[in-house]
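Student: build me a model from this:
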Amino acid sequence: MTAAIVDLPRRISPAKAVQHGFSLAWRGALKIRKNPEQLLDVTVQPILFLVMFVYLFGGAIAGGTGDYLQALTPGLMVQNIIMASMSAGVALNTDVSKGVFDRFRSLPIARSAPLVGAVLADLVRYAVALGVLLIMATIMGFRIHTNPLAALAACATMVLAGLCFCWMSVFVGMLMRTPTAVQGTMIAFVMPLTFGSNVFVPASTMPGWLRAWSDINPVSLLADAMRGLLTGGPVTGPLLGGFAWMAGIVVVFFPLAMRAYRRRVA
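Tutor: Numbers count the residues shown, from 1 in each chain. Below you'll find the predicted structure:
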């Protein structure tokens, strides 16, 4: 009995590559449906951070929990999305370790499809993270002072940010040997990035060197943009700065992730 030989096309059109990416994204979404515990971090974590920081530090930082909740919630949207984006690299590293990519190599699909599929599958996680945070914040007293269109733009911006930042996680996922190493490396990067921003405290209270970094930190810029869109204030400047960071991350880390992926599965 002879084994079937798959005739792989030499070149796959961009339209086909996108189609393959969405097909593998659907595979990732089905994995979440069958294993809903994968959403524990984006359901429990937003609630823990919100409750802990508002009631422990709200009075000390803002003089009251109500005012602090209004300033903190938009910033936590940014932090939660960036932390949720770490799962793409962990999931890809797990698939590589289990030999799933050996199967992908034998299929007539675009080489980028497994990476793009993993990134798009995380849309579910971003939506859950934002929904849980905003619902809990509303229960605690948070109110949107702009309009529904601005709130929708804030959520769409956060989803786009997740799709951009996750390419760093994908790159690390292709470099590390184990999923645990991927998660540890990303936490070591994300925690200073988020806590060295104006998400939790005003930048004016920081030492000069830290304030200088916070002013250009992508997390701070996106947090300011979210505050402007949800509670009122400047939007254009912080949003343009955040978009510049997001574009730069994709330009740098997408080709790096693809190169690491080709070396890993070669």
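
Student: all helices of the stretch 51-200 of the chain, in order?
Tutor: 65-84, 87-97, 100-105, 113-121, 123-140, 148-175, 179-195 (DSSP state H, counting those that start in this stretch).

Student: of those, which is nearest R263?
Tutor: R263 lies closest to helix 148-175 among the helices of the stretch 51-200 of the chain, at 7.9 Å (CB to CB). Quick note: C-beta positions are derived from backbone N, CA and C, even for glycine.

Student: and that closest one, average pLDDT?
Tutor: Averaging pLDDT along helix 148-175 gives 94.

Student: dump the helices of the stretch 51-200 of the chain into a markdown table; add mean neighbour count and distance to A260 as well.
Tutor: Putting these into a markdown table (neighbours: other CB atoms under 10 Å; distance: least, CB to CB, whole Å) gives the following:
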| stretch | mean neighbour count | distance to A260 |
| --- | --- | --- |
| helix 65-84 | 23 | 21 |
| helix 87-97 | 23 | 10 |
| helix 100-105 | 13 | 12 |
| helix 113-121 | 24 | 10 |
| helix 123-140 | 19 | 22 |
| helix 148-175 | 21 | 4 |
| helix 179-195 | 16 | 12 |
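
Student: go through the ones you listed and find the least confident stretch.
Tutor: helix 100-105 - the lowest mean pLDDT of the helices of the stretch 51-200 of the chain, at a mean of 67.

Student: distance check, V199 against S220.
Tutor: V199 is 7 Å from S220, where distance means CB to CB, to the nearest Å.

Student: hang on, I meant A113
Tutor: Counting by CB to CB - A113 and S220 are separated by 35 Å.

Student: also P192?
Tutor: 13 Å.

Student: G242 against M226, yeah?
Tutor: No: using CB atoms under 8 Å as the test, G242 is too far from M226 to be in contact (9.2 Å).

Student: adding distance to L256, write the helices of the stretch 51-200 of the chain out as JSON lines.
Tutor: Listed next are the helices of the stretch 51-200 of the chain as JSON lines, based on distance: least, CB to CB, whole Å:
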{"stretch": "helix 65-84", "distance to L256": "18"}
{"stretch": "helix 87-97", "distance to L256": "12"}
{"stretch": "helix 100-105", "distance to L256": "18"}
{"stretch": "helix 113-121", "distance to L256": "11"}
{"stretch": "helix 123-140", "distance to L256": "22"}
{"stretch": "helix 148-175", "distance to L256": "5"}
{"stretch": "helix 179-195", "distance to L256": "14"}
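
Student: out of those, which gets nearest to G58?
Tutor: Per CB to CB, nearest to G58 of the helices of the stretch 51-200 of the chain: helix 65-84, 3.6 Å.

Student: tally of neighbours for G59?
Tutor: Residues near G59, counting by other CB atoms under 10 Å, number 13.

Student: next one: L240
Tutor: Based on other CB under 10 Å, the number of other residues close to L240 is 12.

Student: quick check: the gap between it and F254.
Tutor: L240 is 21 Å from F254, where distance means CB to CB.

Student: could I get the buried residue list for whichever helix in the chain runs longest?
Tutor: The single longest helix within the chain, with elements called by DSSP state H, is helix 236-265. Buried residues in helix 236-265, counted by 16 or more other CB atoms under 10 Å: 238-239, 241-243, 245-246, 249-250, 253-254, 256-258, 260-261.

Student: please apply the same query to stretch 46-65.
Tutor: 46-47, 49-50, 53-54, 58, 61-62, 65.
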